[in-house]
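Colleague: Build me a structure from this.
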Amino acid sequence: MSGRIHQVHEKRENNTEMEKLIKDALKSAKADYVEIRIQEGRGTGIAYVGKELESIGESTAIGGSVRALVKGGWGFVAFNDIENLSYYVKMACEQAQLVENKDILLAETDVIRDHIKTKVDIDPADISLTDKHDLCHRYNNIILSSKKIQTTSVRYVDSHSTQYFANLEGSFIVSENIFCGVSFMAIAKDGMNVQQAYDSVGDLRGYKNVGNLEMVCEEVTKRAVDLLSAKPVEGGKYTVIVDPKLCGVFTHEAFGHLSEADFIYENEKLREIMKIGKRFGSDDLTIVDDGTREGEAGYIKYDSEGTPSQKTYLIKNGILESRLHSRETAAKMDERPTGNSRAISYAHEPIVRMTNTYMEPRDWAFDDMLASTDDGIYAIGSLGGQTNTEMFTFSAEEAYRIKGGKLCENIRDVVLTGNVFETLLNIDAIGNDLVLFGGLGGCGKGGQSPLRVSDGGPHIRIRNVTIGGR
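Modeller: Below you'll find the predicted structure:
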């Protein structure tokens, strides 16, 4: 499990004291493998619901965890008093010794020493709590300005996190991250007819990202109100043009999770379906998970096991190319780690997760895609959905009928259902307008939610989509 030393030259701060504490604790480890993660963080949260300020505050936290591997058995301990780190290393090793032998191996990775700091335009820490509150209050009032809006939800979150990672192999990595985001929801009501619209921004670029969003609030309000007069869709089979946001949700939920190797390895049926080299779409179809995209919500230079992130082609030119791995799943499947082992916090064990997952753009302009669609539906945004292995159900936030190559009446209650593999094969046009979306939402898996990720894609056109109303 030992690898070559890979020294990275970046700006570092003095972390001598923490490094000494961790290295001293590792000296007492009696295990095949041990890793230590310590996390220090502070953050701000503000939430408006309707006219009421529901919550506002700032918080700090510190904690850590130790994961140990002994003869194929894992031990894991999470804690808050980092001064007793040596004791917790001993405890994790003792736990691992009691676990039944599962013949677990870890794929080899480089030994890394590095210090990474997020580059932001404006640090949220430099903005007062009063100014952050005033921003949320202003956005909330814009949404409430319409008489048809029954209630709202405006949420603001920022966080500063410093994470220390070290393992028995010699890696020591310090990662500093600054996240900032805001979300808006408008709920409109007319009698028994209730409709909602939503938008959110959030990534690692800084405070500027959440400013000057008055027009976004107005658009969210207008969408919710317009949906009150939209006609329910008639169920059936349609040609559907999907916008970048819904394309991203489909890519992440319907295919990205199927590409997580822990899920594949444990599912015999899926191992048969997800064979490397199998065709899943046209030559134009390429789906990527890329943790190296700086500034995006899913950016990580290293995962929670200290493995460098990378750009992983899941589907390339229509062919299944790869999947997402931790060190353990890579060893099980005799493949290379991809830097996708992620824990939501120090209190959780790393599991295989996505980062920035998207469909790559191609040559179609949206206007040409629309003009060449004689009859269909234009589906925009997402109100959520669910997947069950290869089957999916997604609800579009809003939609329009397409007739004669033009957008016509607004429709609602548009629910897309189908088999992900059939749907990928039915994509016949991929746009040139890639957009990635982060936000305050996140990915959920294994009781760990929300993990910061981004997803996206261009406009795409799909033939023979089953549409049903909610």
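
Colleague: At which residues are the helices of the stretch 151-300 of the chain located?
Modeller: Taking DSSP state H, counting those that start in this stretch as the criterion, the stretch 151-300 of the chain contains helices spanning 214-227, 244-249, 261-266, 268-273.

Colleague: Buried residues, the last one. List them.
Modeller: Within helix 268-273, the residues that count as buried by 16 or more other C-beta atoms under 10 Å are I273. In short, each C-beta sits where N, CA and C put it, glycine included.

Colleague: re earlier: so which of the helices of the stretch 151-300 of the chain is the most surrounded?
Modeller: Of all the helices of the stretch 151-300 of the chain, helix 244-249 carries the top mean neighbour count, a mean of 26, counting by mean count of other C-beta atoms under 10 Å.

Colleague: How about residues contacting that one?
Modeller: For helix 244-249, the external contacting residues (C-beta atoms under 8 Å, 6 or more residues apart in numbering) are 357-359, 379-382, 385, 394, 396, 431, 433-437, 454-460.

Colleague: coming back round to it: want to throw the helices of the stretch 151-300 of the chain into JSON lines with distance to T162 and mean pLDDT?
Modeller: As requested, those are arranged in JSON lines below (distance: least, C-beta to C-beta, whole Å; pLDDT from 0 to 100):
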{"stretch": "helix 214-227", "distance to T162": "31", "mean pLDDT": "97"}
{"stretch": "helix 244-249", "distance to T162": "30", "mean pLDDT": "97"}
{"stretch": "helix 261-266", "distance to T162": "28", "mean pLDDT": "92"}
{"stretch": "helix 268-273", "distance to T162": "37", "mean pLDDT": "91"}
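
Colleague: And those helices: which comes nearest F172?
Modeller: Among the helices of the stretch 151-300 of the chain, helix 261-266 comes nearest to F172, with 26.6 Å by C-beta to C-beta.

Colleague: sorry, back to before: ok, of the contacts of helix 244-249, which come out buried?
Modeller: When the contacts of helix 244-249 are checked for burial by 16+ other C-beta under 10 Å, the buried set is 357-359, 379-382, 385, 394, 396, 431, 434-437, 454-460.

Colleague: And the strands in the stretch 351-470 of the chain?
Modeller: According to DSSP state E, counting those that start in this stretch, the stretch 351-470 of the chain carries its strands in the segments 351-352, 356-359, 375-380, 385-388, 391-395, 398-403, 406-412, 415-419, 427-430, 435-437, 443-445, 448-451, 454-457, 460-468.

Colleague: Neighbouring strands - and their directions - for the first one?
Modeller: Right, the one you point to is strand 351-352. Looking at strand 351-352 with DSSP bridges, its partner strands are strand 341-342 (antiparallel).

Colleague: what does the last one give?
Modeller: Strand 460-468 has the following strand partners under DSSP bridges: strand 236-242 (antiparallel), strand 415-419 (antiparallel), strand 427-430 (antiparallel).

Colleague: will you turn the ones you listed into CSV that also has mean pLDDT and distance to L227?
Modeller: CSV is the format used below for the strands paired with strand 460-468 (pLDDT from 0 to 100; distance: least, C-beta to C-beta, whole Å):
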stretch, mean pLDDT, distance to L227
strand 236-242, 97, 18
strand 415-419, 96, 14
strand 427-430, 98, 27
